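Enquirer: Sequence and predicted structure are below.
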Amino acid sequence: MSLVRNQYRNRTRRAATAAVTLLMAAGLGSAAAGASSAATVPAQTRQIASSTLGSDYKITLTALRSTEDEYAASVRLQVYTKTGSAWKESDRVTVGDVDGWFWYPLTGSGAVCEFSTASTEPAPLTVSLLVTPSIGCSEATHYVVKQGRVFAG
């Protein structure tokens with residue numbers, strides 16, 4: 001009698017497990033379908049670093065959240081020169097690939113591993129950013145700012 005009871009319990013458990021698995025797969029499938037047809041993510045930006053080099057240049061790093069992937073981001077490096085009493089953008093470049101960074105690590109604590117500048121002409125500039133906490137920091141990218149323009153260093 002106990003052998004029959006154990007076989008019945010095993011079949012019941014397998015059927016329940018299969019039903020739960022099927023329901024979860026259906027739920028995930030409909031969630032994925034909803035995500036693909038959802039509206040794009042609104043644009044978000046967050047300044048993650050800034051440096052002013054005397055009265056010559058102001059340099060900023062800004063994280064730009066992707067409008068297509070809520071987890072992806074780009075990083076924009078902008079150079080400003082002083083015109084009268086106001087800073088005016090003179091150049092901008094993308095650090096790394098467009099949408100090649102992760103939004104949350106970029107906008108969290110410890111996002112900027114290295115951001116170094118110097119008040120010389122040309123002005124050397126080094127940037128290293130957090131890829132993820134488990135991966136760590138990116139390799140340093142070197143630039144040079146000459147007469148308000150950014151060049152690979």
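Expert: Cool, the structure landed.

Enquirer: CA only for contacts and neighbour counts going forward, please
Expert: Will do.

Enquirer: packing partners for the strand or helix carrying residue 129?
Expert: For residue 129, the host element (DSSP states H and E) is strand 123-132. The contact analysis (3 or more Cα pairs under 8 Å, 6 or more residues apart in numbering; DSSP states H and E) places strand 123-132 against strand 101-102, helix 103-107, strand 112-117, strand 136-137, strand 141-146.

Enquirer: Mind listing residues that contact the first one?
Expert: Strand 101-102 is contacted by residues 71-75, 131-132 when judged by Cα atoms under 8 Å, 6 or more residues apart in numbering.

Enquirer: closest one to residue 85 among the helices and strands packed on strand 123-132?
Expert: In terms of Cα to Cα, the element of the helices and strands packed on strand 123-132 nearest to residue 85 is strand 141-146, at 20.8 Å.

Enquirer: buried residues in the helix or strand following that closest one?
Expert: Remark: after strand 141-146, the chain's next helix or strand is strand 149-152, criterion DSSP H and E. For strand 149-152, burial by neighbour count (16 or more other Cα atoms under 10 Å) applies to 149-150.

Enquirer: Repeat that for stretch 69-84.
Expert: Of all the residues in stretch 69-84, those buried under the rule 16+ other Cα under 10 Å are 72-81.

Enquirer: strands paired with the strand holding residue 129, and their directions?
Expert: Here strand 123-132 has these sheet partners by DSSP bridges: strand 112-117 (antiparallel), strand 136-137 (antiparallel), strand 141-146 (antiparallel).
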